[in-house]
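J.: Structure, please.
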Amino acid sequence: MADSYINRSLQKLSTVYMILGVSYDINDLTRREKLQRRCVYIINCLWLNTDVLGAIVWFFNGIENGTPFVELTYIAPCIAFSFLANTRSYALIHYEEQMSDLIRSLKRLEENTKSITQAEDRLKIYRKETKFLHRVIRVTKIQNVILILTFLISPLVFIVYKYFRTKKLDLILPFLIIYPFDSHDIKYWPFVYLHQFWSETIVCLEICFIDFLLYICCTFIRIQFRLIQCEFAKLDSLSNGEMFERDFTQLVKWHQELIRASNLLEQVYSKSTLYNFISSSILICLTGFNVTAIENKAFSNMFVIFLSSTLVQIFFLCFFGDLLMQSSSGVSDAIYASKWYHAPGAGKNLHIVQMRAQKPCKLTAFGFTDVNLGAFMSILSTAWSYFALLKTIYSSPRTN
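T.: Modelled structure (predicted):
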């Protein structure tokens, strides 16, 4: 059990989850460990949201004082991204019992399938699906490291460049945030810089690694759906009536457990996914606008990385949601492909399971829309419409 496929995948999250103060299996922790995790989470939450509050104050002060629109759109995507991190982490904390139940259910299912399915088929499916999952995790990790380092290093490069060009030391920070002191004073600047750096790191880690947990759950639920499809397709070889009834009942219970697991995943992620969908169009629009409108290439390149990270995040969210829907719907096709007519009196029961399987297990944005590739295309379409409108409004005064 300790060396199961799902445990290998979850181990990739363990260290970062300890740093963030969250857990994917709260019941696996001692009382002391739970308290430590909660304290770490509160510290990170306060650390991050002091910067978020300062950014919001700067934004509204900028509107009141007539700050150029480009500067306002510089900080707006960062605020929206921070809110996404908050909603993701809070949802995992709030539904930690449901997530723990889901993880334990998937572990049980993996263990149980060893005695039901053929080893060759099972291992082939597990290896293929987990190989792709780990590749996605690896690529996304690299991209987020690049994003963090870009926002960390770019201001330093700009400071050095400007100093050698003008012989003046102009201390700047990665993000436009108001503090109750002069953050550009050399006495405070290094500490503020490190504070903003860790806030950015918290945001990226919370979004990235809590999404990884979603990818892992979707992948292992999908694996179970693929395995159950193989078992339903083999029902034609069952000639003994009692044996058929026993194995058919076992498959129905298996299918019901997968439906329950999908519902638990939906419960944990649906509300934060709604905010993710709403904010993604705005994020893509504003970051795309910053790439085209900011004249400073160093800062413009920062938003190129930011834009690509936003696109990748929402794409993989929709992609894994789409995989879950497809695999659950495939059970209906597997039943149809089986030669159910070889088992007398079983047609009606199989038809009931088939009708249930035609209603796919899915993730939703709190019931408003399904999480699939169609939703991703809708987000891109909306973002493009916003971007075109914003470019038109922004460029109009210049052409008059």
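J.: any weak-confidence spans in the chain?
T.: 1-2, 236-241, 298, 339-346, 396-400 (pLDDT under 70).
J.: was I right about residue 125 contacting residue 222?
T.: No. With contact defined as Cβ atoms under 8 Å, residue 125 does not reach residue 222; the gap is 9.2 Å. C-betas here are computed from N, CA, C, even on glycine.
J.: Those two: which has the busier surroundings?
T.: residue 222 (23 against 19; other Cβ atoms under 10 Å).
J.: so when I look at the more buried one, I'm seeing a helix, right?
T.: Yes. Judged by DSSP: H, G, I helix; E, B strand; the rest coil, residue 222 forms part of a helix.
J.: Is the residue nearest to it when sequence neighbours are not counted in a helix, a strand, or coil?
T.: Leaving aside its sequence neighbours, residue 222 sits nearest to residue 327 (Cβ to Cβ, 6 or more residues apart in numbering; 4.2 Å). The three-state label given to residue 327 by three-state DSSP is helix.
J.: number of nearby residues for residue 327?
T.: 23.
J.: Would you map the helices across the protein?
T.: 5-20, 31-65, 69-94, 96-116, 119-166, 189-233, 241-293, 297-337, 347-357, 373-399 (DSSP state H).
J.: which strands and helices sit next to the fifth one?
T.: This means helix 119-166. If contacts are counted by 3 or more Cβ pairs under 8 Å, 6 or more residues apart in numbering; DSSP states H and E, helix 119-166 sits against helix 5-20, helix 189-233, helix 297-337.
J.: How far does the last one sit from its chain's centre?
T.: Right, helix 297-337. Put simply, helix 297-337 sits 9 Å off its chain's centre (Cα atoms, centre = their mean, to the nearest Å).
J.: and the angle from it to helix 241-293?
T.: Calculated by axes from the mean of the first three to the mean of the last three Cα atoms, to 10 degrees, helix 297-337 forms an angle of 160 degrees with helix 241-293.
J.: Against which helices or strands is helix 297-337 packed?
T.: helix 69-94, helix 119-166, helix 189-233, helix 241-293, helix 347-357, helix 373-399.
J.: same thing but at 6 Å, please
T.: helix 119-166, helix 189-233, helix 241-293, helix 347-357, helix 373-399 (3 or more Cβ pairs under 6 Å, 6 or more residues apart in numbering; DSSP states H and E).
J.: and the last one, which residues are buried?
T.: Residues of helix 373-399 classed as buried: 373, 375-376, 379-380, 382-383, 386-387, 390 (neighbour count, 16 or more other Cβ atoms under 10 Å).
J.: Then stretch 107-125?
T.: Quick answer for stretch 107-125 (16+ other Cβ under 10 Å): 107, 109-110, 113, 116-117, 122, 125.
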